[in-house]
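Trainee: Model the structure of this input:
(2 chains)
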Amino acid sequence: GAVVSQHPSRVICKSGTSVKIECRSLDFQATTMFWYRQFPKQSLMLMATSNEGSKATYEQGVEKDKFLINHASLTLSTLTVTSAHPEDSSFYICSAAEPYNEQFFGPGTRLTVL
Amino acid sequence: GENVEQHPSTLSVQEGDSAVIKCTYSDSASNYFPWYKQELGKRPQLIIDIRSNVGEKKDQRIAVTLNKTAKHFSLHITETQPEDSAVYFCAATLDTGNQFYFGTGTSLTVIP
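Mentor: Prediction:
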């Protein structure tokens, strides 16, 4: 199947700093990418839908000014957690799909905010 | 938006027995229902999926059934093995290229 990568796999940062997570589709063009958040022993919660060349669509309750999403190309979407706080510590997973094709998940990024 | 409920949250079975996980969804427009297996700290892996024009689909020891009228679908794993132990998530969506709404997950433990 198609490959989706995420970078970094793990990041530890101090409270108040910003962290950028990259999601790349390595062997296909993804017009749409999705960002999910997963707390320990919980489900994947959709945060936002990222469309290439346009603004992201955020799910209800997700702060768009805190979680900045940029989908600059058909193979790259970035999630920036601004002014991170300990409660933002979580596992962030992206996924990418071509229209009407299977959705592929990235390996996830473990964010720890001290 | 879509609301997906999943039961049970935890399930323990003896090796060789069957395991059944059930999900319900709220949006009658949803027409694609994948099941994912996730091991600790890893990405979800698609194990089987079903579309709304099909009532049942089987792949070796894994099967999925869909009742579109009742808006529920189930995962059936037969002849369970220890390597089946993981967290399983159901999801519902309008189509594969659209956002997924996941169930709450089922932690399956297969006891050797």
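Trainee: OK, contacts around residue 106?
Mentor: Reading this off chain A. A:4-6, A:23, A:93-96, B:43 (Cβ atoms under 8 Å, 6 or more residues apart in numbering or on different chains). To be clear about C-beta, it is placed using only N, CA and C from the backbone, and glycine gets the same treatment.
Trainee: was after chain B, sorry
Mentor: B:Thr106 makes contacts with B:6-11, B:21, B:87-89, as judged by Cβ under 8 Å, 6+ apart.
Trainee: got it, and A:Pro107?
Mentor: A:5-6, A:9, A:93, B:42-43.
Trainee: Check which element follows the helix or strand of chain B with the lowest mean pLDDT along the chain.
Mentor: Ranked by mean pLDDT, DSSP states H and E, the weakest helix or strand in chain B is strand B:101-102, scoring a mean of 91. For strand B:101-102, the following helix or strand on the C-terminal side (DSSP states H and E) is strand B:106-111.
Trainee: Please identify the buried residues of that following strand?
Mentor: Across strand B:106-111, burial judged by 16 or more other Cβ atoms under 10 Å in any protein chain shown covers B:106, B:108, B:110.
Trainee: what bridges to B:Phe73?
Mentor: Residues in a beta bridge with B:Phe73, per DSSP bridges, are B:Cys23, B:Leu66.
Trainee: got it, and the one 4 residues further on?
Mentor: Going by DSSP bridges, B:Ile77 is paired in beta bridges with B:Ala19, B:Ile62.
Trainee: Pull the number of nearby residues for the nearest residue to A:Glu87 once chain neighbours are set aside.
Mentor: Leaving aside its sequence neighbours, A:Glu87 sits nearest to A:Val113 (Cβ to Cβ, 6 or more residues apart in numbering or on different chains; 7.9 Å). For A:Val113, the tally of surrounding residues (other Cβ atoms under 10 Å in any protein chain shown) stands at 20.
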